[in-house]
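>>> quick one, structure for this:
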Amino acid sequence: MRGIEKHFGAVKALTDVDFWVSEGEVVALVGDNGAGKSTLVKVLAGVHPPDAGTIEFDGETVQIGSPADAQDLGIATVFQDLALCDNLDVVANLWLGRELTQEGQLDEVGMERRTWALLRELAAKVPSVRIPVASLSGGQRQTVAIARSLIGEPRIVILDEPTAALGVAQTAEVLNLIERLRERGHGVVLISHNMADVMAVADRVVVLRLGRNNGEYNAADVTSETLIAAITGAIDNSVSRRASEQRRADEAQPAATEGTVIPLPARGRRPGDGGGS
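A predicted model of the protein is given here:
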């Protein structure tokens, strides 16, 4: 994503934002509330079309005008609300809208077999695939949502606050899932406010502040204090510094001379002559 901009009326949600993710990489997208994280992800997921900028996939410029376009490219998103049907079991949630059929009937055995295979590949801890999702814990529900996003074999998986409101054990379960996704070769975009989670699984950290890039760091070479400083604005980015320097330079320049009257010496009067009447 290069030079992405998004406006909502007079509000500039994103301004000249660059972002990229590679296969087998976990990129954490962090920032304060209102920094533009969710807006950027929704642009990538096809929910919001960008007002400016380009999106490249495999080196080719693409247009993502809808969530269907993103799915066709191989971009799957797990939003914070998970969007699960509590009254349906795990199998039904995973295959909802994409059910397998055989001779005009639902292939329940095939769907259940593939569900178990996917959950085992993710090392997921789900007691049964035939119990309602409402009876699962928060971490198990997040597992189901992530597994559902993998049904179409996506290449990029976006996780929006996957550990929010989870306990310690459930958070560890989700972080293990993220590592399994990386091992499978998926590019993972992780949105999180929890610096401990970010430092635990991320390969690279991208900071947004007030809708602009405010730093990009290798997780192995950065501390939580540095990230927090970038999030809060204690560390300005190069774009902000250049803008501030340009503004100071403009203010230091003399005013434009267009329309300015320059007084000329009076005719016939030599320097040093006194005035008089």
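>>> leaving out chain neighbours, which residue sits closest to the residue nearest the centre of the chain?
Centroid-nearest residue in the chain, with C-alpha atoms, centre = their mean: Val41, separated by 4.2 Å. Leaving aside its sequence neighbours, Val41 sits nearest to Ile158 (C-beta to C-beta, 6 or more residues apart in numbering; 5.5 Å). (Each C-beta comes from the backbone N, C-alpha and C, glycine too.)
>>> correct me, but that neighbour touches His186?
No. Counting by C-beta atoms under 8 Å, Ile158 does not reach His186; the two are 10.4 Å apart.
>>> using PDB, write out every CA atom in the helix or strand harbouring Val43.
Assigned by DSSP states H and E, Val43 falls within helix 37-45. Only the C-alpha atoms of helix 37-45 are listed here, as PDB (Å, rounded to 0.1, in the frame of the first residue of the first chain):
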ATOM      1  CA  LYS A  37      -5.500   1.500  12.100                       C
ATOM      2  CA  SER A  38      -9.000   0.100  11.500                       C
ATOM      3  CA  THR A  39      -9.500   2.500   8.500                       C
ATOM      4  CA  LEU A  40      -6.200   1.300   6.900                       C
ATOM      5  CA  VAL A  41      -7.200  -2.400   7.400                       C
ATOM      6  CA  LYS A  42     -10.700  -1.800   6.000                       C
ATOM      7  CA  VAL A  43      -9.100  -0.200   2.900                       C
ATOM      8  CA  LEU A  44      -7.100  -3.400   2.500                       C
ATOM      9  CA  ALA A  45     -10.100  -5.600   3.200                       C
END
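>>> now do the strands in the stretch 101-250 of the chain.
For the stretch 101-250 of the chain, applying DSSP state E, counting those that start in this stretch gives strands covering 101-102, 105-106, 156-160, 187-191, 204-209, 212-218.
>>> out of those, which is closest to Leu118?
strand 156-160 (13.2 Å; C-beta to C-beta).
>>> that closest one packs against which elements?
helix 37-45, strand 75-78, helix 138-149, strand 187-191 (3 or more C-beta pairs under 8 Å, 6 or more residues apart in numbering; DSSP states H and E).
>>> strand partners (parallel or antiparallel) of that strand?
Paired strands of strand 156-160, with direction, are strand 75-78 (parallel), strand 187-191 (parallel) (DSSP bridges).
>>> my read: Pro67 touches His48, true?
No. Pro67 is beyond contact range of His48, at 10.6 Å (criterion: C-beta under 8 Å).
>>> show me what contacts Thr39?
The neighbours of Thr39, taking C-beta atoms under 8 Å, 6 or more residues apart in numbering as the test, are 6, 13-14, 48, 211.
>>> over to Gln71?
152, 154.
>>> that one sits in which helix or strand?
Counting by DSSP H and E, Gln71 is part of helix 67-73.
>>> mind checking the pLDDT average for that helix?
For helix 67-73, mean pLDDT rounds to 91.
>>> off-centre distance for that helix?
16 Å (C-alpha atoms, centre = their mean, to the nearest Å).
>>> what's the answer for stretch 176-188, then?
17 Å.
>>> now do stretch 88-98
With C-alpha atoms, centre = their mean as the basis, the mean position of stretch 88-98 lies at 27 Å from the chain mean.
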